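[1] From the sequence below, what's the structure:
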Amino acid sequence: MNDVALHDRIASLEQEVRRAFEDAQREADAMFAQYQLSQLLASGGRPADLANVVVAEIVRVCGAAACTLLLREPGATLFRQTAATSGAPTLAAGDGPLSQDEVSRSATTTEAILLPLGEEPPEGFLALWPAAGSRLDPDGVRVVQLSRHELAVAFRSAQLRETLDRERQELTAIVNGATDAIIQVDEDCRIVRINPAASQLLGQFSDASIGRRCSDVLRCAEAGAHAEDACPLAEVIQSGRPIAYREAAVLDASGVVTCVAGGYSRAASEPVGRVRATAILRDISAVRALEQLREGFVATISHELRTPLALIRGYTDTLLHLQLGPGEERHYLDRIDQATQRLTTLVTEILDIAHLQADPLILERRPVSFAALVARLRGDLVATSQDARLATTQLEDLPLLEVDPVRIGQVLENVVGNALKYAPPDSPITIGAIASAEWLTVTIDDEGLGIPESDRALVLEPFHRARNVRESNIQGTGLGLYICRRLVEAHGGKLWVGDRPDALSGTRVSFTLPLLKGETA
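    Below you'll find the model as predicted:
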């Protein structure tokens, strides 16, 4: 009996030891599983990547057949499926968002065990499905329940990191893609950030600007904008008050002064106590040029309108109030006619400019010979007895053009008309042309005043006249060459002004016109 009791006692102790060992093993497994889960959460990463790893680990720990994780975005009230293992039932049609009640109903319908993450309202839910005919491992479920706050914090942190990264990328893309120059300086006015538009404006790489004082990079004082101690960036740093709009000027690496306008503001930055100032600048050189053009337009039009109108008014008053002989009346009527023609020309040129602004300019192209265009021009000059001054060089054997003959006729009329006006009365105007593979290059030479090299680009813009012409008494609006350039460019060609190749005084105006396809030189 004593042996039997002893054996029973030993068996009972062995069973208790085995049970204690199994309990300790399960506790160790649970602790290790919780440690594994904590390590996964500490690894960070994108919410979607973290979610996929976590649901796979939870399936292993809980002995589940499938698992789905639903999370809500920061500030949102609806939950959306973030990750799911293979074979997980669908909780929402089309992966649409679900309210908390809809999540609970869907879990009940699919016989899922629902574990909330975090406090009320929960940050998300874990839906677990046991394998058929079995139940979830209670120790694994306990591990997940113990980690639910950690899970909620980890996923919310991952979401916030992703949102922050996305916003930082969007902000960087906005700054780098902005067409305005954006420059940021620290409290010592040293550049800490400069976008590509600012680098292009200043003509230097951004890396070469970082760390330098803004006065050395923008060079506003050298550009004549303001003194160095009146820098707007330094002003907003010291005062804390933003500057909504202020015009200035900068000097780029090549020494070109550019007019700019923009706003300046101050913002605190890390670490606490340090400040930064930001300037957003826009190149207003085109605006200034437009203002000058408008002023020139008003001045030119006012003068060109006032002079012929005063002549017409004066001659008309004379005819109305004085008894004149037939010869004198004829003279006054001729002067009125000339003034009227001058007004007509001015109005026509202004209308031409308005028409040239149309996009696209409509051209009625057709095959035409250049010799025919010159012959038509010569015929128009017969009425003024100017046709004898027109000289040409071998225009008969040239290939056909594909142009709008009315528009190109207007170009010839304007260029030759300028040559006749500015050249001596008896000097010839020579028209030449040379054909190449696709283009006909036309040249018109005169023996007039010539155009200084510094003015040659300007005379192709509206209302600009060469300096030597402005000093003469020859009237003009400065629109003719601009109209000619636009008409030639509408045909795909180019117009330019230069010296005569024979070194004589005067000007050569050259332009290219397209040949008819299939025609060769």
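[2] what sits against residue 445?
    The contact partners of residue 445, taken as Cβ atoms under 8 Å, 6 or more residues apart in numbering, are 419, 429, 430, 432, 500, 506, 507, 508. (Each C-beta comes from the backbone N, C-alpha and C, glycine too.)
[3] for residue 406, same thing?
    Per Cβ under 8 Å, 6+ apart, neighbours of residue 406: residue 364.
[4] how near is it to residue 496?
    23 Å (Cβ to Cβ, to the nearest Å).
[5] Would you mind finding the longest strand in this structure?
    When the chain is scanned for its longest strand (criterion: DSSP state E), the result is strand 257-269.
[6] what does that strand rub up against?
    180-181, 201, 223-224, 232-233, 235-237, 240, 242-252, 274-285, 287-288.
[7] buried sites along that strand?
    258, 259, 260, 261, 262, 263, 264, 265, 266 (16 or more other Cβ atoms under 10 Å).
[8] what pairs with the second one across the strands?
    Note on residue 259: beta-bridge partners by DSSP bridges are residue 249.
[9] Can we start the residue count at 52 from this point?
    Okay, using 52 as the starting number, the last item reads as residue 310.
[10] I'd guessed residue 246 sits against residue 230; true?
    No: using Cβ atoms under 8 Å, residue 246 is not in contact with residue 230; the gap is 9.7 Å.
[11] Just want to know which of the two has more residues nearby.
    Neighbour totals were compared for residue 246 and residue 230, and residue 246 leads with 22 against 10 (other Cβ atoms under 10 Å).
[12] what's the distance between that one and residue 257?
    Taken as Cβ to Cβ, the span from residue 246 to residue 257 is 8 Å.
[13] what residue ranges in the stretch 152-301 of the chain score low on pLDDT?
    For the stretch 152-301 of the chain, applying pLDDT under 70 flags no range at all.
[14] rerun at 80
    198, 209, 257, 279-280 (pLDDT under 80).
[15] mind listing the helices for the stretch 202-351 of the chain?
    Per DSSP state H, counting those that start in this stretch, the stretch 202-351 of the chain carries helices over the ranges 247-253, 257-260, 265-269, 283-290, 336-372.
[16] Out of those, which is closest to residue 138?
    helix 247-253 (50.3 Å; Cβ to Cβ).
[17] buried ones in the closest one?
    So for helix 247-253, counting by 16+ other Cβ under 10 Å, buried means 247, 248, 249, 250, 252, 253.
[18] Output the residues you listed in CSV; the columns should cover distance to residue 453.
    Compiled in CSV, the buried residues of helix 247-253 are given as follows (distance: Cβ to Cβ, whole Å):
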residue, distance to residue 453
247, 42
248, 41
249, 46
250, 44
252, 42
253, 45
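[19] Specify which member of those is nearest to residue 383.
    Closest to residue 383, out of all of the buried residues of helix 247-253 and judged by Cβ to Cβ, is residue 252, at 58.8 Å.
[20] before we move on, back to that, and which of the buried residues of strand 308-320 is nearest to residue 57?
    residue 317 (89.3 Å).
[21] How about the closest one: which residues does it bridge to?
    The partner residues for residue 317, given DSSP bridges, come to residue 328.
[22] just residue 122 next, same as before
    residue 131, residue 175.
[23] show me the contacts for it.
    98, 102, 130, 131, 133, 168, 174, 175, 206, 210.
[24] List only buried entries from these.
    Looking at the contacts of residue 122 with 16+ other Cβ under 10 Å, the buried ones turn out to be 98, 102, 130, 133, 168, 174, 175, 206, 210.
[25] Spit out the contact partners of the last one.
    Residues touching residue 210, when contacts are defined by Cβ under 8 Å, 6+ apart, comprise 98, 122, 124, 125.
[26] Recalculate using a threshold of 10 Å.
    Residues near residue 210 by Cβ atoms under 10 Å, 6 or more residues apart in numbering: 97, 98, 101, 122, 123, 124, 125, 133, 174, 175.
[27] now these as TSV including distance to residue 378?
    TSV is the format used below for the contacts of residue 210 (distance: Cβ to Cβ, whole Å):
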residue	distance to residue 378
97	98
98	100
101	104
122	102
123	101
124	96
125	96
133	102
174	105
175	106
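[28] just checking, residue 418 touches residue 451?
    Yes: using Cβ atoms under 10 Å, residue 418 is in contact with residue 451, at 4.7 Å.
[29] Who has more neighbours out of those two?
    More crowded of residue 418 and residue 451, by other Cβ under 10 Å: residue 451, with 17 against 14.
[30] which residue packs closest to the more buried one, ignoring adjacent ones?
    residue 567 (4.3 Å; Cβ to Cβ, 6 or more residues apart in numbering).
[31] Next one: the one you found relative to residue 417, how far apart?
    9 Å.
[32] Identify the residues contacting the spatially most central residue of the chain.
    Closest to where the C-alpha atoms of the chain average out (Cα atoms, centre = their mean) is residue 230, at 5.0 Å. Going by Cβ under 10 Å, 6+ apart, residue 230 touches 246, 247, 248, 251, 333, 334.
[33] what's the closest non-adjacent residue to the first one?
    Think residue 246. That would be residue 233: by Cβ to Cβ, 6+ apart, it lies 4.4 Å from residue 246.
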